[in-house]
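# next comes the sequence, and after it the predicted model I'd like to discuss.
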Amino acid sequence: MTSLVIAAAQTISAPGDLAANIARHVDVISQAGAQGVNLLVFPELSLTGYELQAARALAIRADDAMLAPLHRQAQGLGMTAVVGVPLAADDDTGRPYIGAVVLGGEGAPAFYAKQHLYGDEQDLFSPGRRSNLCNVLGTRVALAVCADITQPGHVAQAAAADAALYVAGAVVTGKSYAAEASMLQGYSARYRIGVLLANHGGPTGGWQAAGRSAFWADGTLIVDAPGGGECLVIVRQSEAGWSGEVLALG
């Protein structure tokens, strides 16, 4: 695997406020760029918060002009940034997707849409059908969004496609954190794959997210945030392996 610096952006979203959250993402991307981050992953629906009932009204396209400043910024930093946002419907159902938009590469932004919907999401969104693979500096990366990580077949498919990293933006509560973290650690051990979790750092959409964004490699926890709040969970790769640190966001 090419040497990489990757990070989870553990952020707290302003409910339903795309403009405010985009401005905050610009700031967070800048701080990550100062640390030499190549791949930065934000939580699920980071640009709106986990506001399910408002998602259809807030949905945009991956190439929407509102995302252009983030795309250009990431390009200028040589960074790939994965942001969470509801994506407008492209079929007769009218239901949006829970999207992970990949910014910063050459050409137009790409996106992945959550495949495994949870709870009320099943009545409000369409499941994604696109490939979840992208490349960052020659490293194959598989994207996941929240409940995707609870489906062992999702990561198995990524491993079968030779993904070296499995990265997820999520809303994980304190109640479910231990079980889901154990699952992610198990995937990392079984498939010898690096696993990154980017969780919300505070309440969103009526859920109390636990924070504790983390990274596992070969079944070992490399670094995790101690709790909630806004921070960068940064992981660096060297010949000696992975090392990590947590930096508070300004």
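Looks like it arrived, so ask away. Residues are numbered from 1 along each chain as shown.
# tell me what the most centrally placed residue in the chain is bridged to.
The centroid of the chain falls nearest to Gly169 when counting by Cα atoms, centre = their mean (3.0 Å). Beta-bridge partners recorded for Gly169 (DSSP bridges): Val145, Ala198.
# state the helix or strand in which the residue of the chain most remote from its centre lies.
The centre of the chain is farthest from one residue, Asp92, which by Cα atoms, centre = their mean lies 27.5 Å away. Per DSSP states H and E: Asp92 is located in neither a helix nor a strand.
# buried set for stretch 205-220?
Across stretch 205-220, burial judged by 16 or more other Cβ atoms under 10 Å covers 205, 207, 209-217. The way it works is simple: take the backbone N, C-alpha and C, and place the C-beta from them, glycine included.
# specify which member of those residues is nearest to Gly229.
Gly211 (6.3 Å; Cβ to Cβ).
# list the contacts for the closest one?
10, 199-202, 225-229, 231 (Cβ atoms under 8 Å, 6 or more residues apart in numbering).
# just give the closest residue to it, not the sequence neighbours.
Gly228 (3.7 Å; Cβ to Cβ, 6 or more residues apart in numbering).
# ok now the strand or helix carrying Ala68, how far from the chain's centre?
Per DSSP H and E: Ala68 is located in helix 68-77. Averaging C-alpha positions (Cα atoms, centre = their mean, to the nearest Å) puts helix 68-77 17 Å from its chain's average.
# by contact count, what packs against the helix or strand following it?
Counting by DSSP H and E, the next helix or strand C-terminal to helix 68-77 is strand 80-87. Applying 3 or more Cβ pairs under 8 Å, 6 or more residues apart in numbering; DSSP states H and E, we find strand 80-87 packed against helix 18-34, strand 39-41, helix 55-58, helix 68-77, strand 97-103, strand 165-170.
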